[in-house]
Structure formats: C-alpha cells, structure tokens
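Peer 1: what follows is a predicted structure for the sequence shown.
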Amino acid sequence: MRDLLARAAELAAEHRDGLTGRPVARPVDPDALRAGFGQLRDAPTPPATVLEELAAAAEPGLVATAGPRFFGFVVGGALPAATAADVLAAGWDQNAFNAVLSPAAAAAEQVAGDWLKELLGLPATASAGFVTGGQAANTVGLAAARHHVLAEAGWDVERDGLAGAPRVRVVASEERHATVDRALRLLGFGTRAVVPVKAKPDGAIDIDDLATKVDGPTIVCLQAGNVNTGACDDLRAARAVAENAWIHVDGAFGLWAAANPATRALLDGVELADSWACDGHKWLNVPYDSGFVFCARPDVHAEAIAYRAAYLTGAGEVSGMGDLTLESSRRARGFAVWAALRELGRDGVAELVDRCCRLARRFARTLAEGGAEIANDVVLNQVLVSFGDHTDAVVERVQRDGTCWLGGTTWRGRRYLRISVSNWSTTEADVDRSAAAILRLAAQ
C-alpha cells in the first residue's frame, strides 16, 4: 500500500507540474479513449499494474481544468494543501455520516464551517452542511424553505406531502440559475411554481418588480453572482420588500465576494437571508466535489433533511453532517476545506478573490482594445465577449487551439464567449497569453 500510494501521488504531481505547458484541451476520439480502458478480465490484476494502466488510459482524455488557463464553467483548480488533504482523506477512508463514524471528520466540518460563516458574512449561529456542490446546496436550502413556509401555514409537508398543501409562491429572477428550477422539480413544486421577476440590464433582480410578487406563503430565490455577468442582487432591499418570505441566496461563486473587502459591498445584507448555497470547488479552489449549504434556522434545516433508523447511532441529533445533507455515505469533504482555509487564511482568501476580479478586468480591457465587444460591467470574475456573427466560430477555434479553454453562452438573445477567472494559479501572463490567442483566432 505504501509504494502504491506513493506512486499515485507521483503520477498526480507529474500531471499538476505539467499543466502550464500542456494544451488545456485536445481533440479526443471517444471510441479510442474508451477502448484504451480495455475489457473486463477474468483473472485479478496486481494493484500496481492497475494504477499504471489507469494513468495511461486516462491521459489522452484529461482536461487541464486545474491549470491556470481554464476559464469555463466557473471552475477553480485545487490548492496544494487541499489536494494533499484530499489524498489523505482517501487514504483514511472515513464515512462522514456522523461523529460516531468519524469524530475527526465531524470536528473538521464544524471548525471549517465556522470559518466559512465568518468569511462569508453569515450568522455564526447558522447551520453548515457540506454537500456535493451548488445543485445539492440549492436543493437542501429550498427543502428547508419548503418545510418552514408550509409549517407556518399549518401544513406538515414531510408527513403529508404536497398534495392538498397550501400553494407556495416561489419568486425568482428571470436570470436565475437552472439548478434552482431543477431543485424545484426534485422537491415536487415543479417549475410552474416559479413566479418570475424582471432583471435589470446588468442581470440583477428588479426590486420594484419583486415587491409586486410577494404574497402569502412565499420563497424568494436571490442570486449572488449572476451566472453570466457576475451581478449581485440587492439583498438588503430584497429583504425589505419580502419581509415575511423565506429568502434563499444562490451564491455558488458570488458569495465569496463577501470575503474580499473590495467586493464585500456587493453582498450588503447577505446576513438577512434564511438560507445560502455556495460552492467550494469554484472560488475556494478545493477538489471536487465540494459545496456548502447554510441555514439561519438549524432546527428547520435538520427537520427538513434528517432521518432516523434504529441502527443509526447518532442520527437525528442535529449535530450536522448527515442530518444536514442528502447523502448518508458521505466523503469527508471537511478535511480539504479546512486545509484550503488554513493554507490561505483570511488575507489569502481575500487576495484570491480580488486577484481573479482584477484579472477578469484585464481580460476585458485587452480584448476590447483588440476589437471585441464586452457586454457586461466586470464586477466580479465573469466576462461576456462578443465577436458578432463569428462568436461561436471563435469559441470553437479557441477550444481546438488549446492555449486556453472557454465556453459560449446566450444572454439577452445574443451569443457570447463566457470567461470565468477562478483559479488560484492564474497570472497576468496567463491572461495576456490567452487574450492574444483569442484575438488571433478571431482575426482568422
């Protein structure tokens, strides 16, 4: 085992060391890639051989998402300490369902959860669930919202379901992320439950329109970091016009703006919400999969999510972990989160967020000087770039070229390149090199 894990770490380190020099992505023949993984054998294979075969088979299909020039999907690259902690967590092989199964995993989540709440400006008394990502965080947060608003209306949704329940209005921006709709489908509301609210030109919710949509049992979904423009909803004003509603904030990446003094004002009033969703594998740069859901009412959080069984010692004690998340067999995500926060500290998290914002503005400025159209005010790490009718062709050429990677998006009926600067290792040189490649390919 010692030699095997040492070899695995060596292979992983070689991959990470080579990220700067390799193409970010390469054309792949899916059939050939699958064939490289071979057939199921009758006889056992030595673990050392399996490891080498896996490394060889996977290599042609690996994308340098952990590297400094991947600008798609709001993807971070795992920090050194977080990566090493995740390797250690795999070796420890802890089931993080509760403190009985792993006291160490429980302690790491509790400490890291407290640190996260401090950095993100959330109430210290809020619960913190370590989930798989933004989708799970939105689903859990909205499950807590469903429990609360229906209980206030005299309905026990966990016992009686939604059939015959009082109608709940789910008020959300027309610019909301699609994971909100998916969560509503999974929770039985359906997407017809959404009462859409207009968005302002920058993509933030229109508070005046929001004020006309709040009536009766209501869940309001707000956004910290528009998926296209990075714009943040006015959280304080939204609370003022939705005083009695449950407010859920989808802050997959934008919630991290609260950790940086230069961007903190964008999230003024964030502490006034009832639940919050956030990703760790985006701007915190921890390994996949890692996300967080916070709830201002820990008892509501647990009542909506926890379950009990005779054999589950320690379940239902509202101690966190499995009582606040959808998974019973849980990977110990808290170790890598703790390591990332320990490596960075308060100043390092602030600097990481601030630097990515500066680099995004540098990207926008360089591309605009080269003739591109920048569609958004770059308030965080998102840049929308248009080359007119050639935009999709530029996206395709950039992805084939391999200097950097970015995707396309549709916003307000137009196609754009969507650039997200989220990686801890990205430098000005990476941005300049990538912008030069984009302009070169656009000129063709």
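Peer 2: Cool, the structure landed.

Peer 1: alpha carbons only for contacts and neighbour counts from here, please
Peer 2: Fine.

Peer 1: give me the three-state assignment for His147.
Peer 2: With DSSP: H, G, I helix; E, B strand; the rest coil as the basis, His147 sits in helix.

Peer 1: any figure for the gap between it and Arg41?
Peer 2: 50 Å (C-alpha to C-alpha, to the nearest Å).

Peer 1: in the lengthiest helix in the chain, which residues are buried?
Peer 2: Assignment by DSSP state H gives helix 334-369 as the longest helix of the chain. For helix 334-369, the neighbour count (16 or more other C-alpha atoms under 10 Å) marks 334-341, 344, 348-364, 366-367 as buried.

Peer 1: which of His147 and Arg41 has more neighbours?
Peer 2: His147 (19 against 7; other C-alpha atoms under 10 Å).

Peer 1: skipping adjacent residues, who's closest to that one in space?
Peer 2: What sits nearest to His147 in space, not counting adjacent residues and going by C-alpha to C-alpha, 6 or more residues apart in numbering, is Ala304, at 5.9 Å.

Peer 1: assumed that neighbour was part of a helix.
Peer 2: Yes: using three-state DSSP, the assignment for Ala304 is a helix.

Peer 1: quick one, helices of the stretch 301-444 of the chain?
Peer 2: For the stretch 301-444 of the chain, applying DSSP state H, counting those that start in this stretch gives helices covering 334-369, 391-401, 428-443.

Peer 1: circling back: the longest helix of the chain vs helix 428-443, what angle?
Peer 2: Angular relation of helix 334-369 and helix 428-443 on a 0 to 180 degree scale: 50 degrees, by axes from the mean of the first three to the mean of the last three C-alpha atoms, to 10 degrees.

Peer 1: now helix 334-369: how far from the chain's centre is it?
Peer 2: Offset of helix 334-369 from its chain centre (C-alpha atoms, centre = their mean, to the nearest Å): 15 Å.

Peer 1: what's it packed up against?
Peer 2: Counting by 3 or more C-alpha pairs under 8 Å, 6 or more residues apart in numbering; DSSP states H and E, the packing neighbours recorded for helix 334-369 are helix 80-92, helix 103-120, strand 373-374, strand 382-386, helix 428-443.

Peer 1: mind giving me TSV with these and columns for distance to Thr410, mean neighbour count and mean pLDDT?
Peer 2: TSV is the format used below for the helices and strands packed on helix 334-369 (distance: least, C-alpha to C-alpha, whole Å; neighbours: other C-alpha atoms under 10 Å; pLDDT from 0 to 100):
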stretch	distance to Thr410	mean neighbour count	mean pLDDT
helix 80-92	34	18	97
helix 103-120	30	19	97
strand 373-374	14	18	98
strand 382-386	10	25	98
helix 428-443	18	18	98
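
Peer 1: ok, which of those comes nearest Thr45?
Peer 2: Closest to Thr45 of these, according to C-alpha to C-alpha: helix 80-92, at 20.6 Å.

Peer 1: got the angle between that closest one and helix 103-120?
Peer 2: Counting by the same axes, to 10 degrees, helix 80-92 lies at 160 degrees to helix 103-120.

Peer 1: picking that back up, looking at the helices of the stretch 301-444 of the chain, spot the one closest to Val194.
Peer 2: Taking these one by one with C-alpha to C-alpha, helix 391-401 is closest: 31.2 Å.

Peer 1: how about the CA coordinates for that closest one, as CSV?
Peer 2: Taking Å, rounded to 0.1, in the frame of the first residue of the first chain, the C-alpha atoms of helix 391-401 are listed here in CSV:
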residue,chain,number,x,y,z
THR,A,391,-18.7,34.4,-31.8
ASP,A,392,-19.5,30.7,-32.0
ALA,A,393,-16.8,30.1,-34.5
VAL,A,394,-14.3,31.9,-32.2
VAL,A,395,-15.4,29.6,-29.3
GLU,A,396,-14.9,26.5,-31.4
ARG,A,397,-11.4,27.7,-32.6
VAL,A,398,-10.3,28.6,-29.1
GLN,A,399,-11.3,25.1,-27.8
ARG,A,400,-9.4,23.4,-30.6
ASP,A,401,-6.3,25.6,-30.2
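
Peer 1: now it, how far from the centre of its chain.
Peer 2: Taking mean C-alpha positions (C-alpha atoms, centre = their mean), helix 391-401 and its chain are 25 Å apart.
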